[in-house]
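In: attaching a predicted model along with its sequence, questions to come.
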Amino acid sequence: MKGHLSHDGEIVIKASDLSVSRGSTIVLDDINLTIRQGDFVGLVGPNGSGKTTLLMAILGLLNPTSGSVEIFGQDSKRMKHNGRVAWVSQAASNLPKNIRITVRELISLGVLTSKTMFPFFKNRKNIREQVENALELVGLKDVADVDIYSLSGGQRQRAVIGRALVSNAEILVFDEPLVGVDRDSRNSLLKLLDDLCHTQNKTLLMVSHDLAAIRQSAHRVIYLDLIQLNDCCRGGIQYDGPPSEFPDLLSLATLRGIRNVHEPEHIIISLKEGNSEPKVEEE
Amino acid sequence: MGISEFVLSILAPILELIGPFMPGNTFPAYFEMELFQRALIAAIIVTIIGGFLGGFLIMRNLALMGDGLAHVSFGGIAVGVALSSTAPLWYGLVFCIIASILIHEMQARELLTGDAAIGIFLTGTLALGLVVLRLWGGGITTDIEGFLYGNINLIDSDKLDLIVIVAIFALSSLYLLHGGLLATTLDPVAARLQGIPVRFIGLWFSVMTAAVVVAMVNVVGVLLVTSLLVTPAATGQLIGRSFKGCILWTQFFGLSSVLLGIYYSAELGTGGGATIALVSALMFPIVLTGRTVYTRFIRSPILNID
């Protein structure tokens, strides 16, 4: 899939023959994936198509049935996490409700690693600078000392992104960051992500149902879906390429309708032929 | 062991110094007589650790963990009494730590949600304790009642030893782990990717809670542990706008509950544990009303706190 890359950076994530099963369903089947530094990869697919499973397997939080994932050339299962990879969850729904914490406190949690977890190892001045930088980057300097529950959903999401940025992580993994975020916040968030990618050469991996957002910002789209093969259900990458060639929503519906095809590649090819001029939804 | 005597020898002169300025007829005795000094010190130490821990318990949705573990400790204490042990509290401590580890593991493996696991251990060990007491322990004696409702005036140097050891253990662990604990509570996946040992911290926190609960049973009793563990933290969260602010307010409400509680119990002759718990519980609605009045009528009618 190298041809689809926007530029050639160092390989940061490499999945080889990765398979993950849940019960009798093979959620991910023989995934081979290479992600290079500076890439902005959008991960799309219907519910239950294994997007989160793929993220978890890549991050080494889930045991694959077979195959392996390497992050920075290290096996992700055995990798010592030290802040090179950061995770951004759906802030609005995932933060505990009964917690009082300011934006600054939340962001400074991102500095902690297994080494700097203990108070006496902290270089306080250094950390304060890092936190200020992150606050600036996500544009929350004005509300730094405000309780996160007094913020809007978009601001809260920015705070969680700030937490991921403060650690200087090279890979940022987003699980549906745009859920419940209004149009303006969404656009400024996407712009922030774009900046991170282009000016700081971060690698972004984002799961989203917001296809328009992915088209607008991502360099590369990976579409995951379960395909009915004979009588067992197999999931995997059904499309991997630039967003401009990604079939539109209508064709995706057709794609889901004609699952009983033996070779997944056929679908993509037939879709590509049918959509020589894909409609790009620009904001 | 002598730790408690060491602590007492340091704090007693200070207490004796402020004693004469204390109001009431009986209350100054808590600053002057050794027996009562021990009670006061125990209550204050337990409140301080409870305040630090309570915030985390509320954040982790484990507010009733303390209550559950207190009942578990009662089972252990009952077994200790039945075995005619001189220090039944240590049995309670062992029971509590085992139960807290099992509860944590059941949650981590998603066998049961937090509340259900706590419920099973709470009733199971309490029932075990009651049965054992009937069979071999001679029923509910005044000694046992002391453990149920707490009797701060019965805190001897052995009990204060336990409290001081638990306090040193809990405060030093919290000092070292508070950042990791907060990160784990907010977002376990992100914390794990940062390199924070999420599982270990969760387990350590459970063991710490168990130890603190047993220390608290001495002061307020099995049935009233939550009043010092969770109530001050909940009251503090009404006012605090940041994590640090909440902790400071929690300590303020916790310590004032204890001092007022002991004062009223001394003056009115009511039980220490129950009075402390009552004062602590009353503070919540008072602060809530105060906050509502403040935000509605004094600060600005437009700004809404939530």
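Out: Okay, I see it. Since the model is a prediction, treat every value here as computed from it, not as a measurement. Numbering: from 1, shown residues only, chains lettered A, B, ... in the order given.
In: count of neighbours near residue B:169?
Out: 16 (other C-beta atoms under 10 Å in any protein chain shown). C-beta coordinates here come from the backbone N, C-alpha and C atoms, glycine included.
In: so it touches residue B:211, yeah?
Out: Yes - the pair residue B:169 / residue B:211 is scored as a contact, 6.2 Å apart, by C-beta atoms under 8 Å.
In: identify the residues contacting the residue lying closest to residue A:99 once chain neighbours are set aside.
Out: Closest residue in space to residue A:99, ignoring its immediate chain neighbours: residue B:59 at 4.6 Å, by C-beta to C-beta, 6 or more residues apart in numbering or on different chains. Applying C-beta atoms under 8 Å, 6 or more residues apart in numbering or on different chains, one finds that residue B:59 lies in contact with A:96, A:98-99, B:182, B:185.
In: and whichever residue of the stretch 51-200 of chain B sits closest to chain A, how far is that from residue A:86?
Out: At 3.8 Å from chain A, residue B:195 is the closest residue in the stretch 51-200 of chain B, using C-beta to the nearest C-beta. The gap separating residue B:195 from residue A:86 is 11 Å, by C-beta to C-beta, to the nearest Å.
In: neighbour-wise, which of the contacts of residue B:59 leads?
Out: Neighbour counts for the contacts of residue B:59 peak at residue B:185, which has 26 neighbours (criterion: other C-beta under 10 Å).
In: right, is the helix or strand harbouring that residue up against chain A?
Out: Counting by DSSP states H and E, the secondary-structure element that holds residue B:185 is helix B:157-186. Yes - part of helix B:157-186 sits near chain A under the criterion C-beta under 8 Å from any C-beta of the partner chain, namely B:175-180, B:182-183, B:185-186.
In: helix or strand right after that helix?
Out: Following helix B:157-186 in sequence order, the next helix or strand is helix B:188-194 (DSSP H and E).
In: contacts (any at all) between chain A and the helix or strand following that next one?
Out: Sequence order places helix B:198-220 as the next helix or strand after helix B:188-194, per DSSP H and E. No - interface with chain A: helix B:198-220 contributes nothing (C-beta under 8 Å from any C-beta), its closest point being 8.9 Å away.
In: where does the prediction get shaky in the chain?
Out: Picked chain A for this. Across chain A, residues meeting the criterion (pLDDT under 70) sit at A:1-8, A:81, A:91-94, A:120-122, A:180, A:227-233, A:248-283.
In: I was thinking of chain B, sorry if that wasn't clear
Out: Low-confidence segments of chain B, defined by pLDDT under 70, are located at B:1, B:114, B:139, B:299-306.
In: mind doing that once more with 50?
Out: B:304-306 (pLDDT under 50).
In: chain A contacts on that one?
Out: Within chain B, the positions near chain A by C-beta under 8 Å from any C-beta are B:58-61, B:175-180, B:182-183, B:185-187, B:189-197, B:237, B:240-246, B:305-306.
In: now stretch B:42-60: how far from the chain's centre is it?
Out: For stretch B:42-60, the separation from the chain centroid amounts to 6 Å (computed by C-alpha atoms, centre = their mean, to the nearest Å).
In: show the contacting residues for residue B:230.
Out: Shown in contact with residue B:230 (C-beta under 8 Å, 6+ apart): B:54, B:57-58, B:63-64, B:66.
In: how does it look with 6 Å?
Out: With C-beta atoms under 6 Å, 6 or more residues apart in numbering or on different chains as the criterion, the residues that contact residue B:230 are B:54, B:63.
In: what about it, distance to residue B:138?
Out: 33 Å.
In: same check, this time on residue A:226
Out: Plainly put, residue A:226 is 66 Å away from residue B:138 if you go by C-beta to C-beta.
In: which one's more surrounded, those two?
Out: In this view residue A:226 and residue B:138 are compared by other C-beta under 10 Å, and residue A:226 has more residues nearby, 22 against 13.
In: kindly confirm my reading that that one is in a strand.
Out: Yes - counting by DSSP: H, G, I helix; E, B strand; the rest coil, one finds residue A:226 located in a strand.
In: thought it was touching residue A:235?
Out: Yes - at 4.4 Å, residue A:226 and residue A:235 qualify as touching, with contact defined as C-beta atoms under 6 Å.
In: pretty sure residue A:209 sits in a helix.
Out: No - secondary structure assignment (three-state DSSP) places residue A:209 in coil, not in a helix.
In: next to chain B, which bits of the stretch 51-200 of chain A? Give me the list.
Out: A:81-83, A:85, A:87, A:89, A:96, A:98-102, A:105, A:109, A:112-114, A:117-118, A:147 (C-beta under 6 Å from any C-beta of the partner chain).
In: only C-alpha atoms, please: export stretch B:217-229 in CSV.
Out: In CSV, the C-alpha atoms belonging to stretch B:217-229 read as follows (Å, rounded to 0.1, in the frame of the first residue of the first chain):
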residue,chain,number,x,y,z
VAL,B,217,-13.2,1.1,62.6
ASN,B,218,-11.4,1.9,65.9
VAL,B,219,-12.7,5.5,65.9
VAL,B,220,-16.1,5.6,64.4
GLY,B,221,-17.0,1.9,64.2
VAL,B,222,-17.9,-0.5,61.4
LEU,B,223,-21.3,1.1,60.7
LEU,B,224,-20.1,4.7,60.5
VAL,B,225,-16.8,4.4,58.5
THR,B,226,-18.3,6.1,55.4
SER,B,227,-18.9,9.2,57.4
LEU,B,228,-15.2,10.0,57.7
LEU,B,229,-14.2,8.3,54.4
